[in-house]
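Visitor: Got a predicted model here, sequence first, then my questions.
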Amino acid sequence: MKASIVLNNYIDCQVKQDYVICVDGGYNYCLGKCDCIIGDLDSIGNIPVEVKIIKFDSRKNQTDGELAIRQAISCGYNDLTIYGGIGGRIDHTIGNLGLLPLAYSLNAKAILLSSTLEVFFVKDSLTFETKLDDIVSIFSFDGNAVVSSVSGLSYPLDNLTLEELSTRGVSNYAVKTQVSIVISSGSVFVFHYLAKQE
């Protein structure tokens, strides 16, 4: 089942999924569609009475975003789109990237999405749609990663070992309308910069 998680940051694209979890002040950005609010409620302002509220103490060991991921998965949602996770404070952005491998470890998939960028976590294989000349960057995560094969990108990456945070995978670009990446060892983040709609 699919769900959206709206973090406490400006979002510049439409929330598409039917079930929407707002993370604390994310409610202020969800444009009225919200099924559940989760967090310590320190940044939401006026709390709506018609929406399900799951409140946590402000002194906790997880971010509200992590709590939302765990809540969504516990309710049976295993295909998550996270809005508002890109931009803003760099430490929050890095933390939000960590929500993707967290979801994977809990047998769900998740992406970070904005109007200009989608971010995937890949430990095996990924295929996604592109437009010609879309920029695609690949970063290893948690040690070295081996890219077994890539199709649809200009620069060849087959049988390439990417060292952690190496710049070797930065700024490739799509030469087909579909890109496929196979990882045989380790894991990577894939950053796909979306072409502007004409």
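Guide: Received, thanks.
Visitor: and the closest residue in space to Leu160 that isn't next to it in sequence, helix, strand or coil?
Guide: In space, and not counting its chain neighbours, Leu160 is closest to Val147: 4.7 Å by CB to CB, 6 or more residues apart in numbering. Every residue, glycine included, has its C-beta placed from N, CA and C. With DSSP: H, G, I helix; E, B strand; the rest coil as the basis, the three-state label of Val147 is strand.
Visitor: which residues touch Val147?
Guide: 138, 157-162, 169, 181-184, 188 (CB atoms under 8 Å, 6 or more residues apart in numbering).
Visitor: Going by distance to Arg59, which of those residues wins?
Guide: Distances from the contacts of Val147 to Arg59 were compared by CB to CB; the smallest belongs to Val188, at 34.4 Å.
Visitor: ok, the closest one to Asn159 distance?
Guide: When distance is defined by CB to CB, to the nearest Å, Val188 is 15 Å away from Asn159.
Visitor: Now do the helix or strand that contains Thr93: everything it contacts.
Guide: Under the criterion of DSSP states H and E, Thr93 resides in helix 90-97. The set of residues external to helix 90-97 that reach it, using CB under 8 Å, 6+ apart, is Leu7, Asn9, Thr63, Gly65, Ile82, Gly85, Ile86, Gly87, Leu112, Val119, Phe189.
Visitor: Just give the number of residues close to the third one.
Guide: Thr63 is surrounded by 20 other residues when neighbours are defined as other CB atoms under 10 Å.
Visitor: same question, the first one
Guide: Leu7: 28 surrounding residues under other CB under 10 Å.
Visitor: Excluding covalently adjacent residues, which one is nearest to it?
Guide: Nearest non-adjacent residue to Leu7 (CB to CB, 6+ apart): Gly84, at 3.7 Å.
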